[in-house]
Every structure is written in C-alpha cells, then in structure tokens.
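Undergrad: no FASTA, just this:
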Ligand SMILES: C[S@@+](CC[C@H](N)C(=O)[O-])C[C@H]1O[C@@H](n2cnc3c(N)ncnc32)[C@H](O)[C@@H]1O
C-alpha cells in the first residue's frame, strides 16, 4: 500500500551532505552511469542523486528529473544552477499519476528510483512506463529504505517489476536499503 509522499522538509534532510557518509551517490551509481548517457531519476526530490548523475553523464548526457512535488523540482533547479549542471537537467512534474516519459520511448540508458516506489499508489504502472522508456539492455536500480519497507513488501515490489518484463540481474549492497538491479533484456 502506498504511503503519503515525503514532505518537502524531509527533502532538505535527504539532500544533506552528511548522507554521503552512508549512501555515497558516486559509489552507488558509478558502476551504472557513464558519460553521454540519458538517465532518469524517478522521485528525484532535491537532487541528492540527480546532481552527481549530471556530473557522471557529462556535457553530452542528460538527466531527466521526475517528481510529483513542484517544490522539490524548484529546489533541485536552484541547486543544479549552483552546482553548474543545470544545462544537463530536465525537470518534469508528474501529473495524473503518470511519470510522463512517453517521448523518451526506448531512449533511456539508466533509471534510478531511490526510496520512492513505496510512496507510489500504482507501482505496476511506474514499472510499465519505465520499461517502455528504457533502451533494450537498459537498467533500473530500484532501492527502498530497509526498516521502513519490509523484506516482504520489497519482494512483492520486485515481483511487480518482473511481471512488467524486467529481469533481476544483481542485488547490490547499499547501506540501509533493499536494492535490486533490473534489466530490460535484449530480445533476440
Ligand atoms: C523519500 S523521497 C526520496 C528522494 C530521493 N530519491 C532521494 O533518495 O533522496 C521520495 C520522493 O519521491 C517523490 N514521489 C512520491 N510519489 C511519487 C510519484 N508517484 N511520482 C514521482 N515522484 C514521486 C516525492 O515527492 C519525493 O520527492
């Protein structure tokens, strides 16, 4: 069952540099995010992961930042300008329960959803939308907060992703989190 969305004041806490001591974006994402990639940060909040991802994709890449709360995106934009990465960013507000990724149809290399899916009322819809947006061979790192999200709920969420066509290719160890790496496999 989806929970109420993360309040904006928690968005400020989640962007604290101290969080890097337990969840370092470069360490978590560097195996997956490379220069020139198009990546999507679903439930980006104020950009704890999106801003470092902009550095990783570089000037030829693109970071599509999606959130359901306009205030999160406004704060992210200010931070991205300050960090000098605004040119690589695209800000998208979710409306009517959709992520709005239709135009990216099979154009995305990598998707992150960190501590988001338990807040989403219809995870199957999110998985179907992201699956369509990914290139064949593209990957989706799904992380949920351990403790807050039970092992069983996480297993059920992964099953929903598999039902949409994703394959589980890894279970990376990420501090204080449940995590799986999903792939849209290439059809031969
Ligand atoms: C707990 S925060 C995590 C933020 C960020 N991923 C991080 O780890 O710092 C969850 C974020 O997901 C967003 N969110 C919740 N439901 C959403 C939905 N249906 N679509 C897009 N974003 C959503 C919230 O507004 C919030 O910014």
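TA: Perfect, I can see it now. From a predicted model like this one, the values you see are computed outputs, not experimental measurements.
Undergrad: what number of residues lie near the closest residue to the ligand within the chain?
TA: Closest residue of the chain to the ligand, CB to the nearest ligand atom: residue 43 (2.7 Å). No exception for glycine: its C-beta is placed from N, CA and C like everyone else's. By the measure other CB atoms under 10 Å, the count of residues near residue 43 is 24.
Undergrad: which residue is the nearest non-sequential neighbour of it?
TA: residue 116 (3.0 Å; CB to CB, 6 or more residues apart in numbering).
Undergrad: so that neighbour makes contact with residue 49?
TA: No: Residue 116 lies out of contact with residue 49 (CB atoms under 8 Å); the separation is 10.6 Å.
Undergrad: before we move on, back to that, now for the residue of the chain closest to the ligand: which residues touch it?
TA: Going by CB atoms under 8 Å, 6 or more residues apart in numbering, residue 43 touches 66, 67, 68, 113, 114, 115, 116, 119, 120.
Undergrad: pLDDT value on it, please?
TA: We have a pLDDT of 98 for residue 43.
Undergrad: again, but for residue 182
TA: 98.
Undergrad: in this protein, which spans are strands?
TA: For the chain, the strands defined by DSSP state E occupy 38-42, 62-67, 89-93, 108-114, 134-145, 167-170, 177-183.
Undergrad: so in that sheet, which strands flank the longest one, and in what orientation?
TA: On the basis of DSSP bridges, the sheet neighbours of strand 134-145 come out as strand 108-114 (parallel), strand 177-183 (antiparallel).
Undergrad: quick check: which of those is buried the most?
TA: The highest mean neighbour count among the strands paired with strand 134-145, using mean count of other CB atoms under 10 Å, belongs to strand 108-114: a mean of 25.
Undergrad: hang on, the earlier thing: tell me the phi and psi of the residue nearest to residue 43?
TA: As for residue 116, its main-chain torsions (degrees, to the nearest 10) stand at phi -120, psi -50.
Undergrad: burial count for it?
TA: Residues near residue 116, counting by other CB under 10 Å, number 24.
Undergrad: just the pLDDT at it, thanks.
TA: For residue 116, pLDDT reads 98.
Undergrad: same check, this time on residue 169
TA: In this model, residue 169 is scored at 98, pLDDT.
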